[in-house]
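Enquirer: with the input below, show me the fold.
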Amino acid sequence: METNVVKARGCHFVMVHGACFGAWCWYIVADLLLKSGHTVSSIDMASAGIDPRDADHISSLQEYNQPLTDFFTALPSTEKVILVGHSAGGLNLSFTMERFPHKIAAAVFVTAFMPLSGTTLSDIIAEILSFIGDFGDSTFYYANGKGNPATSFKLGTQFTRQSLLQNSPPWDLTLWESLVKKFPLWYEPLLYTAKNYGSVRRIYVVSKEDKLLVEAFQRKTIVENPPKMVYEIEGSDHAVFFSKPLQLTEVLIKIANVCVKVKHHILM
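Expert: From the prediction side, this is the model:
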């Protein structure tokens, strides 16, 4: 399939996966960005992908985000990246924007959580359920006993087939089934400030046929916490990187072009 991609001067994209996924989910988009002359870093959050930690023993966003925090800590102070997050990865973006705003040229929320400061993960889950009703055959786990809060969550196969990857190629569903892992749950609110988080350019990418974070949820998120720009991708399910990788790459390269122009303007 041919695609009209306008190349920007090489930018550094840092890719953050969502719940139950891992860095592996970006393999198509990462390849397309690399072929377009960009640098790509795809990172496993704690307990995801090949990270060996146990999801049931991660009790905070700070712990879950540790791999991304380590990455930004090691990043030279003179370098700015384009930070891209999918789904629950929006929490990682928000947390990181608050701590490293000077190292982020833009934060791209791909059909992602983009909550207001003070919001908890429980609040977001409850809001999602208010739109879709239930998570089907997905499972909550209680490592501390059923009388205590759930410690992790895992998306069910049938729910994923019907509501996450319904428009994606069957081989990507097979890949997901072989690599899916639990997602840790925590209960403290996400906190950030206008000075740090608010100084970073935010872009939202709407997935038009997402059946998990349905379009109405995404639009509500955008109205409540307005980003600088909004892009839409037609025909994409929740896993935009599988169902519409070319279109998502085109959007990311457009964003890179904008970042390059803004940087050039500042230097002038």
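Enquirer: my guess is residue 41 contacts residue 11. True?
Expert: No: at 11.5 Å, residue 41 does not count as touching residue 11 under the criterion of CB atoms under 8 Å. Any C-beta I mention is one placed from the backbone N, CA and C, and that applies to glycine too.
Enquirer: and for these two, which residues touch both?
Expert: Listed contacts common to residue 41 and residue 11 are residue 81; contacts here mean CB atoms under 8 Å, 6 or more residues apart in numbering.
Enquirer: of these two, give the one with the bigger neighbour count.
Expert: residue 11 (24 against 17; other CB atoms under 10 Å).
Enquirer: now the nearest residue to that one once chain neighbours are set aside: which helix or strand?
Expert: For residue 11, the nearest residue in space outside its immediate sequence neighbours is residue 256; the separation is 4.3 Å by CB to CB, 6 or more residues apart in numbering. When secondary structure is defined using DSSP states H and E, the element that contains residue 256 is helix 245-267.
Enquirer: give the rounded mean pLDDT of that helix.
Expert: For helix 245-267, mean pLDDT rounds to 78.
Enquirer: rewinding a little: would you mind measuring from the residue nearest to residue 11 to residue 148?
Expert: Between residue 256 and residue 148 the computed distance is 45 Å (CB to CB, to the nearest Å).
Enquirer: more crowded one of those two?
Expert: Summary of the neighbour comparison: residue 256 and residue 148, criterion other CB under 10 Å, with residue 256 having more neighbours (25 against 9).
Enquirer: what strand or helix carries residue 162?
Expert: helix 157-163.
Enquirer: that helix - contacts with which helices or strands?
Expert: Using 3 or more CB pairs under 8 Å, 6 or more residues apart in numbering; DSSP states H and E as the contact criterion, the secondary-structure elements in contact with helix 157-163 are helix 170-179.
Enquirer: how far is the helix it packs on from where the chain is centred?
Expert: Here helix 170-179 shows a centroid-to-chain-centroid distance of 19 Å under the convention CA atoms, centre = their mean, to the nearest Å.
Enquirer: likewise for stretch 74-81?
Expert: Using CA atoms, centre = their mean, the mean C-alpha position of stretch 74-81 is found 20 Å from that of the whole chain.
Enquirer: name the SS class of residue 237, please.
Expert: coil (DSSP: H, G, I helix; E, B strand; the rest coil).
Enquirer: change the start of the numbering to 240 and stick with it
Expert: In the new numbering, first residue 240, that becomes residue 476.
Enquirer: against residue 454, how distant is it?
Expert: Remark: distance between residue 476 and residue 454 (CB to CB) = 12 Å.
Enquirer: just the helices in the stretch 290-439 of the chain please.
Expert: Assigned by DSSP state H, counting those that start in this stretch, the helices in the stretch 290-439 of the chain fall at 300-303, 305-313, 328-338, 360-371, 396-402, 409-418.
Enquirer: for the record, mean pLDDT for the second one?
Expert: Think helix 305-313. 98.
Enquirer: per-residue pLDDT, the nearest residue in space to residue 454 that is not next to it in sequence?
Expert: In space, not counting the residues next to it along the chain, residue 454 is nearest to residue 447; the distance is 6.1 Å by CB to CB, 6+ apart. If you check residue 447, the pLDDT there is 97.
Enquirer: OK, contacts around residue 447?
Expert: Neighbour list for residue 447: 454, 471-475 [criterion: CB under 8 Å, 6+ apart].
Enquirer: could I get those residues as CSV with neighbour count, pLDDT and distance to residue 341?
Expert: CSV is the format used below for those (neighbours: other CB atoms under 10 Å; pLDDT from 0 to 100; distance: CB to CB, whole Å):
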residue, neighbour count, pLDDT, distance to residue 341
454, 16, 98, 34
471, 14, 98, 30
472, 20, 98, 30
473, 10, 97, 35
474, 12, 97, 37
475, 25, 98, 32
